[in-house]
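1. got a predicted structure plus its sequence, pasted below:
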Amino acid sequence: MAVSVGVQFSGAVGAGGTGRWFTHSWPAAWHVTWYVVPTSPIVDGPAQLEWKVQATRQAAGLIKYFIEVKNLTGVAINIEARYAILNR
Amino acid sequence: MSKSKKQKLPDLQFGSPPELIVVSKSVEAPHAEEVANALRAESKPAVKSLAGFIVSKGLNLTPLFGSTDAEVATIVSRAASGSQGEDFSTLQQFYKVDAPEGSDLEALATQLNGLTEVEAAYVKPLTLPPVFFEDDESNSVPGIDDQAPITQDLTPNQGYLNAAPQGVDARYSWTIPGGRGSGVRIIDIEGGWNFAHEDLRFNVGGLLGGTNSADMRWRNHGTAVIGEIIGNTNSFGVTGISPAANVRTVSIFNGGSANALRTAADNLSAGDVILIELHRGGPRYPGGDTQLGFIAIEFWPDDFEAIRYATSRGVIVIEAAGNGSQNLDDAIYDTRPAGFPASWRNPFRRAAGVDSGAILVGAGAPPPGTNGGNWGADRSRLGFSNYGAAVDTQGWGQGVTSTGYGVVTGTDPNNQNEWYTNFFNGTSSASPIVTAVVANLQGVQKAAGRALLTPRRVRELLRSTGSPQQAGANPVSQRIGNRPNLRALIQAVSATPSWVGVQFTGVIAANGTGRWFTHSWPDHWHVIWTVVPTAPAIDGPAQIEFKVQTTRQAFGLIKYFIEIKNLRNYQVTIEARFAVLAS
């Protein structure tokens, strides 16, 4: 079984803020996992972000994912939301 | 094929003019603004100040990385908050000094170095394209005795398109979605181009900055460079390696190389490509009409900063290593040239931590027999090519068929739009091959929905795949790296081997929270984390929950934090597992 990975979106989250994105119409049969990494700034220190994932069945056979990214720092960060389809 | 006689002209006559660069001690002092104010004021500033010196000598001072101090400050601010996130305030320290014609720039640099506000002042020698004019017919103009064939299909002469090890296997790449460079933007930095060429009608975006030189040596050179990359797919002339990519250009004339690099970087996105088709005389240049001692331009502090600015934005920078026959590992390149800032370090000594992020390209021999020539063993270092540990990869440095020069002409031998060559050469001809390979690779990534490759990853891939350098007149120990092989590269990026493991184990006290971090994971790895209890075994309510946090600890590296909460009133031991889904 092949794994397919990619970057679904990138964006910015203000200092101490939370950004929320959604992405829709993912086939329900796909096993999708989401993860987020900062793209900047480069700082070797405490964690810059955390995230959580929510999902809704938007239609028969389709899933909508919500990705909420929390900026844990005092400066704006840029992020990249990545996915992996584990069974594609 | 019509071939005309050549008449050799001195190489150096047409180089871009030397540049006098000043590095201020302050990242904040708006020296250009101070000069403008001083010119307007009746009372002039002290001659010992930078502004006073400039005014008193009748010079002109402009920021190197923008038209005004305020614009450079904006660029720096944007860089700090933008995708690259690094501190580029040093860009505010660089200025260019324009002096009246005939001025002794070296003498001015010496005087500038004596000012308290000046960290450094140096003269960048004239800049040339890394090609040999006696070999590439650059001085030739088709004569009236030339027979005029119709413009012919020259793709059979483009062996560099073919399967490895002869070529880079562009033909394979073209069969893969995105493998013609679709959606990838390239900016070529040099001096001149013929944008009206019949084989460059599509996907050429023209001049983005600077002035297009009218000198035929620059124009033929630039035309040949972009022909290798973007030569249009049709029944005549050449076909580039990346015919679906988009190529634009920035000229170093009327702005200089560092500003051209900054302009290019600001007009590209992460994953796009800059090609530097320049070199200039370094510490071993003996002077006179020779390219001996010419080296890659990242040796000069302002160009190094400009390249670092581009690569930190995720732009891939392909840089000609230069035609100076130099061992870039030689200790002479560790010596700081006069006038360079004290903070300068040899950029070819990457292991010491100084790294522009560029991919340096050397020139290797094509297979014997290419276009009727024999330049030695296939993939061996050509004698003129610079070499050393920092040279990442090689391309054909002789016998390259492309647009321009008029070695081959169409129906009208005087019509430059129908000019072609079979003998483009130098690290000049090698670097576009690598540029186009990278464009095709990024196009494949885009089409497959995968993350675009970072500069670090591209370098790593070029070093770990490809057809190996061979011994010839020069030994393999004089490193110029492998010749790229798109088939191997595409296989490397398409493979998504996944593996799993246990990163750490631990104990979490009753109702407590444990927090671990693990660092230096390559950012192109797609990593997911899971945590499971290992003891005690109790079939009841949930024992733990966990969350993952991330930080970008360094260029190309991610640090993960795993925070695990014990939900029970007894101690739990845990195991943190990872899965690398793609690398």
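-> Thanks, I have the structure now. Numbers count the residues shown, from 1 in each chain, chains lettered A, B, ... in the order given.

2. when you work out contacts or count neighbours from here on, use the C-alpha atoms and nothing else.
-> Fine.

3. the strands in chain A, which residues?
-> All strands of chain A, identified by DSSP state E, fall at A:4-13, A:18-27, A:32-40, A:49-59, A:62-71, A:77-85.

4. got it, and the stretch 51-200 of chain B?
-> B:60-63, B:94-98, B:118-124, B:127-128, B:185-190 (DSSP state E, counting those that start in this stretch).

5. these: which one's closest to chain A?
-> Nearest to chain A, of all the strands of the stretch 51-200 of chain B, is strand B:185-190, at 19.2 Å by CA to the nearest CA.

6. can you count the residues close to residue 33?
-> No chain specified, so I'll use chain A. A count of neighbours around residue A:33, defined by other CA atoms under 10 Å in any protein chain shown, yields 13.

7. the chain in question should be chain B.
-> Neighbour count of residue B:33, defined by other CA under 10 Å: 17.

8. helix/strand/coil for it?
-> helix (DSSP: H, G, I helix; E, B strand; the rest coil).

9. tell me the contacts of it?
-> Residues near residue B:33 by CA atoms under 8 Å, 6 or more residues apart in numbering or on different chains: B:68, B:69.

10. may I have the lowest-mean-pLDDT helix or strand in chain A as PDB, with CA atoms only?
-> Counting by mean pLDDT, DSSP states H and E, chain A has its least confident helix or strand at strand A:4-13, which shows a mean of 84. Listed next in PDB are the C-alpha coordinates belonging to strand A:4-13 (Å, rounded to 0.1, in the frame of the first residue of the first chain):
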ATOM      1  CA  SER A   4       1.100   9.800  -0.700                       C
ATOM      2  CA  VAL A   5       2.200  13.000   1.000                       C
ATOM      3  CA  GLY A   6       2.000  16.600   0.300                       C
ATOM      4  CA  VAL A   7       1.600  20.200   1.500                       C
ATOM      5  CA  GLN A   8      -2.100  21.200   1.500                       C
ATOM      6  CA  PHE A   9      -1.600  24.900   2.400                       C
ATOM      7  CA  SER A  10       0.700  27.300   4.000                       C
ATOM      8  CA  GLY A  11      -0.100  30.400   5.900                       C
ATOM      9  CA  ALA A  12       0.800  32.800   8.800                       C
ATOM     10  CA  VAL A  13      -0.400  32.800  12.400                       C
END
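
11. quick check: buried residues in it?
-> For strand A:4-13, burial by neighbour count (16 or more other CA atoms under 10 Å in any protein chain shown) applies to A:4, A:5, A:6, A:7, A:10, A:12, A:13.

12. which among the strands of chain A is found nearest to residue B:184?
-> Closest to residue B:184 of the strands of chain A, according to CA to CA: strand A:4-13, at 16.7 Å.

13. and the closest one, what does it pack against?
-> Packed against strand A:4-13 by the contact rule (3 or more CA pairs under 8 Å, 6 or more residues apart in numbering or on different chains; DSSP states H and E) you find strand A:62-71, strand A:77-85.

14. what parts of the stretch 451-583 of chain B come near chain A?
-> Residues of the stretch 451-583 of chain B lying close to chain A (CA under 8 Å from any CA of the partner chain) are B:451, B:496, B:498, B:526, B:528, B:547-555, B:558-561, B:581-582.

15. ramachandran coordinates for residue B:102?
-> Here is the backbone geometry of residue B:102 (degrees, to the nearest 10): phi 90, psi 0.

16. ok, now residue B:402?
-> Backbone torsions for residue B:402, taken as degrees, to the nearest 10, come to phi -160, psi -170.

17. using a markdown table, please lay out the strands of the stretch 51-200 of chain B together with mean pLDDT and mean neighbour count.
-> Output for those, formatted as a markdown table (pLDDT from 0 to 100; neighbours: other CA atoms under 10 Å in any protein chain shown):
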| stretch | mean pLDDT | mean neighbour count |
| --- | --- | --- |
| strand B:60-63 | 96 | 22 |
| strand B:94-98 | 96 | 22 |
| strand B:118-124 | 96 | 23 |
| strand B:127-128 | 92 | 24 |
| strand B:185-190 | 98 | 28 |
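
18. in CSV: these, plus distance to chain A.
-> Below are the strands of the stretch 51-200 of chain B laid out as CSV (distance: least, CA to the nearest CA, whole Å):
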stretch, distance to chain A
strand B:60-63, 26
strand B:94-98, 24
strand B:118-124, 27
strand B:127-128, 34
strand B:185-190, 19
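
19. and chain A, which residues reach chain B?
-> Going by CA under 8 Å from any CA, the residues of chain A near chain B are A:2-7, A:35-51, A:76-78, A:82, A:84.

20. buried subset of those residues?
-> Applying 16+ other CA under 10 Å to the residues of chain A next to chain B, the neighbour count classes A:3-7, A:35-42, A:46-51, A:76-78, A:82, A:84 as buried.

21. tell me who's in contact with residue 36.
-> Using chain A here. By CA under 8 Å, 6+ apart, the contact set of residue A:36 is A:50, A:51, A:69, A:79, A:80, A:81, A:82, B:550.

22. need the contact list for the closest residue to the fifth one other than its chain neighbours.
-> With sequence-adjacent residues excluded and distances taken as CA to CA, 6 or more residues apart in numbering or on different chains, residue A:80 is closest to residue A:10, at 4.3 Å. Residue A:10 makes contacts with A:78, A:79, A:80, A:81, as judged by CA under 8 Å, 6+ apart.

23. show me what the last one is bridged to.
-> This points to residue A:81. residue A:9, residue A:36 (DSSP bridges).

24. how deep is it tucked in, by neighbour count?
-> Other residues near residue A:81 come to 20 when the count uses other CA under 10 Å.

25. is it in contact with residue A:9, as I believe?
-> Yes: the pair residue A:81 and residue A:9 qualifies as a contact (CA atoms under 8 Å) at a distance of 5.5 Å.

26. can you pull out the low-pLDDT segments for the chain?
-> Just going to use chain A. Along chain A, the parts satisfying pLDDT under 70 run over A:1-2, A:88.

27. other chain: chain B
-> Per-residue confidence for chain B (pLDDT under 70) gives these ranges: B:1-13, B:80-86, B:133-151, B:496-497, B:583.

28. mind giving me the domain ranges of it?
-> According to automatic domain parsing, chain B comprises the domains B:14-124, B:129-494, B:499-582.

29. end to end on the last one, go ahead and measure it.
-> Start to finish, the residues bounding domain B:499-582 are 9 Å apart (CA to CA, to the nearest Å).

30. so which helix or strand takes in whichever residue of the stretch 301-450 of chain B sits closest to chain A?
-> Closest approach between the stretch 301-450 of chain B and chain A, counting by CA to the nearest CA: residue B:450, at 4.4 Å. Assigned by DSSP states H and E, residue B:450 falls within no helix or strand.

31. residues in contact with residue B:285?
-> Residue B:285 makes contact with B:291, B:292, B:293, B:294, B:324, according to CA under 8 Å, 6+ apart.
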